[in-house]
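Chemist: Okay, sequence plus prediction incoming.
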Amino acid sequence: MSSRALGHQTVSVKPIPVPAPGRGIDLRVRVTAPRSGRDLPVIVFSHGNAWSLDGYEPLVDRWAAAGFVVVQPTHLDSRRNAIGWDDPRFATIWRVRTADLHAILDNLGDILAQADLGTRADRERIAVVGHSWGAQTAGAVLGARVLDADGVPGEDLSHSAVSAGALIAAAGTSDSLTPFAAGKLPFMKPDFSTMTTPALVIAGGKDQSRLSTRGPEWFTDAYCLSPAPKSLLTIAGAEHTMGGIAGERVAETTDENPARVALVADAISAYLRATLGLDDTEWTALGSTAEDGDGAWSITSK
């Protein structure tokens, strides 16, 4: 694990309002950052279904301790908003999620100023990261598109401010969706062929989704079907929560493993530091560790 991950004390500021006209429910974010340091790269993080800006502390705190500013929105599907599967608004939430990230990126200067980070953050080094549904959201900002009912790719929802990203447990292609998923989640039809932005894809070797008839390899599609440069971290024993990235003891955590959570956090920070042109030492060392390890996890790149 990275020694850098233990390098900084951190502080969080919330809730910070973000302009989002027509959203219906105010968009608010949490900002977590090191107490000291300058030229800090920025991660905009998109949570999984039902979560909020208060989740994923095991990742966020570790990234901030490693020298990143982390911005977390609460999307409309948060359980706080009580918008369930059968709510007529649910079908378009995937679009609002992507719009949330655009609103944050477009107003990042003001957000950082409200968190007293206006002169400390590096707005030239910005990444997006997401887990589960948040990975699809982040993927859209990285250049992936959503296929319509006829298989035609939808509009380009990427953002020019973003230079890199990481997708944790990103849903694969739609050819194997279960009847429930096909009926309730018709937007779960990603096309990764246009996702050109550099990204790290993280997949669990025991992540068996109830939304797909395929096995854990479904979660590698974002790597296999997107153009280079990409990297894939496969964690053999990980399920969908990757050991507890949303919080080790929450109900969704079926494979509680703090060391696995630390691996996910440190791999992402190492990858982003390398890809954003800061320092590739940690990412190179991680690759060497994987090669010399016991097969519990592996890294592939193209």
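Modeler: Perfect, I can see it now. For clarity, every value in this text was computed on a predicted model and none was experimentally measured.

Chemist: And the residue lying closest to Ile111 once chain neighbours are set aside, how far from Thr32?
Modeler: Nearest non-adjacent residue to Ile111, counting by C-beta to C-beta, 6 or more residues apart in numbering: Ile16, 5.7 Å away. For glycine as for every other residue, the C-beta is placed from the backbone atoms N, C-alpha and C. Applying C-beta to C-beta, to the nearest Å, the value for Ile16 to Thr32 is 11 Å.

Chemist: between these two, which one's more packed in?
Modeler: Neighbours were counted for Ile16 and for Thr32 using other C-beta atoms under 10 Å; Thr32 has more, 24 against 21.

Chemist: For that one, name its beta-bridge partners.
Modeler: Thr32 forms beta bridges with Ser12, Val70, as assigned by DSSP bridges.

Chemist: ok but the residue nearest to Ile111 is inside a strand, no?
Modeler: Yes - counting by DSSP: H, G, I helix; E, B strand; the rest coil, Ile16 is located in a strand.

Chemist: Next, the buried residues of the helix or strand of the chain with the lowest mean pLDDT.
Modeler: Using mean pLDDT, DSSP states H and E, helix 179-184 stands out as the lowest-scoring helix or strand of the chain, at a mean of 86. The neighbour-count criterion (16 or more other C-beta atoms under 10 Å) identifies 181, 184 as the buried residues of helix 179-184.

Chemist: so how far is it from its chain's centroid?
Modeler: Remark: helix 179-184 is offset 23 Å from the chain centroid, using C-alpha atoms, centre = their mean, to the nearest Å.

Chemist: can you give me the helices in the stretch 151-300 of the chain?
Modeler: Along the stretch 151-300 of the chain, the segments classed as helices by DSSP state H, counting those that start in this stretch run 179-184, 221-224, 258-275, 281-292.

Chemist: hmm, back to that, thought the residue nearest to Ile111 was touching Leu27?
Modeler: No - the pair Ile16 / Leu27 is not scored as a contact, 9.6 Å apart, by C-beta atoms under 8 Å.

Chemist: max-length strand in this structure?
Modeler: strand 121-131 (DSSP state E).

Chemist: what packs against that strand?
Modeler: With contacts taken as 3 or more C-beta pairs under 8 Å, 6 or more residues apart in numbering; DSSP states H and E, strand 121-131 sits against strand 40-46, helix 108-114, helix 133-142, strand 164-168, helix 258-275.

Chemist: Looking at those, spot the one closest to Asp191.
Modeler: Proximity to Asp191 (C-beta to C-beta) singles out helix 133-142 among the helices and strands packed on strand 121-131, at 9.9 Å.

Chemist: what residues does that closest one touch?
Modeler: 45-49, 51, 75, 77, 94, 97-98, 100-102, 105, 128-130, 144, 146, 157-159, 162, 165-171, 188, 190, 192, 195-197, 199, 222 (C-beta atoms under 8 Å, 6 or more residues apart in numbering).

Chemist: Report the distance from that helix to the chain centre.
Modeler: 7 Å.

Chemist: as a whole number, average confidence for that helix?
Modeler: In this model, helix 133-142 has a mean pLDDT of 98.
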